[in-house]
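J.: Sequence isn't available, so here's the structure alone:
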């Protein structure tokens, strides 16, 4: 039986971001904290963990969105 694991899902999400060399460890830590905050808000509102994860990742945007925003700050 399938059981969603929030920590595994976050680690996979972070792994995909880590493949993009634009982000250093501090960037990834900050992004993960934002993701976890969004997930927690959703869960407190009664949303299931998997749905909360999906909503949070959608709300934060794509890797391309992150890269665009981080590049604004760096250059």
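T.: Perfect, I can see it now. Note that the structure is a prediction, hence the values are computed from the model and not measured.
J.: helix or strand for residue 50, which one?
T.: If you go by DSSP states H and E, residue 50 is part of helix 49-60.
J.: tell me the mean pLDDT for that helix?
T.: For helix 49-60, the mean per-residue pLDDT is 94.
J.: need the contact list for the residue nearest the centre of the chain.
T.: In the chain, the centroid-proximal residue (CA atoms, centre = their mean) is residue 35; its distance is 4.2 Å. Applying CB atoms under 8 Å, 6 or more residues apart in numbering, we find residue 35 in contact with 10, 13, 56, 57, 60. Where C-beta positions appear, they are placed from N, C-alpha and C, glycine not excepted.
J.: distance of the closest residue to residue 23 other than its chain neighbours from residue 62?
T.: The shortest distance from residue 23 to any non-neighbouring residue, by CB to CB, 6 or more residues apart in numbering, is to residue 17 (5.7 Å). Separation of residue 17 from residue 62 (CB to CB, to the nearest Å) stands at 10 Å.
J.: Let me know the pLDDT of the residue nearest to the centre of the chain.
T.: 95.
J.: Which helix or strand contains it?
T.: Per DSSP H and E: helix 25-44 holds residue 35.
J.: Buried residues of that helix, list them for me.
T.: Residues 27, 28, 31, 35, 38, 39, 42, 43 are the ones in helix 25-44 that count as buried (16 or more other CB atoms under 10 Å).
J.: Against residue 13, how distant is the fourth one?
T.: Going back to what we said before, that points to residue 35. The gap separating residue 35 from residue 13 is 7 Å, by CB to CB.
J.: what residues are shared contacts of these two?
T.: residue 57.
J.: number of nearby residues for residue 56?
T.: 23 (other CB atoms under 10 Å).
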